[in-house]
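In: Provided below for reference: sequence and predicted model.
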Amino acid sequence: MLGFTREQCAAGLLSPRIGNVYSGSSPLGLCAALDVAEPGQRIFLVSYGSGAGSDGFTFTVTDRIREVRALAPTVEQILSRPTVQLDYTGYARFRSKIAREED
């Protein structure tokens with residue numbers, strides 16, 4: 001309804017790939033958009049739902065993006081790293097929430 005194309009939104013739409021990260025969704029999407037943004041472009045960030053209400057922000061990308069972009073891995077690089085699927089029991093053991101059975 002706002003006139004954005006699917007391509008314009010694609011970089012920041014990560015939930016189909018990584019699930020709902022709740023309050024981290026907006027900053028993570030902003031990071032992904034900044035990974036591909038060029039100076040002069042505008043980024044429109046809107047969050048809503050999960051009882052948090054709704055907020056909207058606009059950002060204008062400056063020339064400094066070229067200086068700082070290489071200081072950290074991109075969101076895509078992080079998501080491309082090998083992962084290990086961990087169920088809740090494995091997570092609880094890892095976080096020492098439950099004891100491991102001794103052999």
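Out: Received, thanks. Numbering: from 1, shown residues only.

In: CA atoms for contacts and neighbours, from now on please.
Out: Fine.

In: if we look at the lowest-mean-pLDDT helix or strand in the chain, which residues are touching it?
Out: Ranking every helix and strand in the chain by mean pLDDT, DSSP states H and E puts helix 15-18 at the bottom, with a mean of 81. Here helix 15-18 makes contact (CA atoms under 8 Å, 6 or more residues apart in numbering) with V21, S25.

In: tell me how far the following helix or strand past it is from the chain's mean position?
Out: Using DSSP states H and E, the helix or strand that follows helix 15-18 towards the C-terminus is helix 25-36. Relative to its parent chain, helix 25-36 has a centroid offset of 6 Å by CA atoms, centre = their mean, to the nearest Å.

In: mind listing what the most centrally placed residue in the chain touches?
Out: By CA atoms, centre = their mean, the mean C-alpha position of the chain lies nearest to L28, the distance being 2.4 Å. L28 makes contact with G12, V75, according to CA under 8 Å, 6+ apart.

In: Repeat the analysis, applying 10 Å as the threshold.
Out: Applying CA atoms under 10 Å, 6 or more residues apart in numbering, we find L28 in contact with G12, L13, L14, V21, L34, V75.

In: If any of these are buried, put those into a PyMOL selection.
Out: Selecting the buried subset of these in PyMOL, with 16 or more other CA atoms under 10 Å as the burial test, is done by:
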select buried, resi 12+13+14+34+75
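
In: That's all I had, so thanks and see you.
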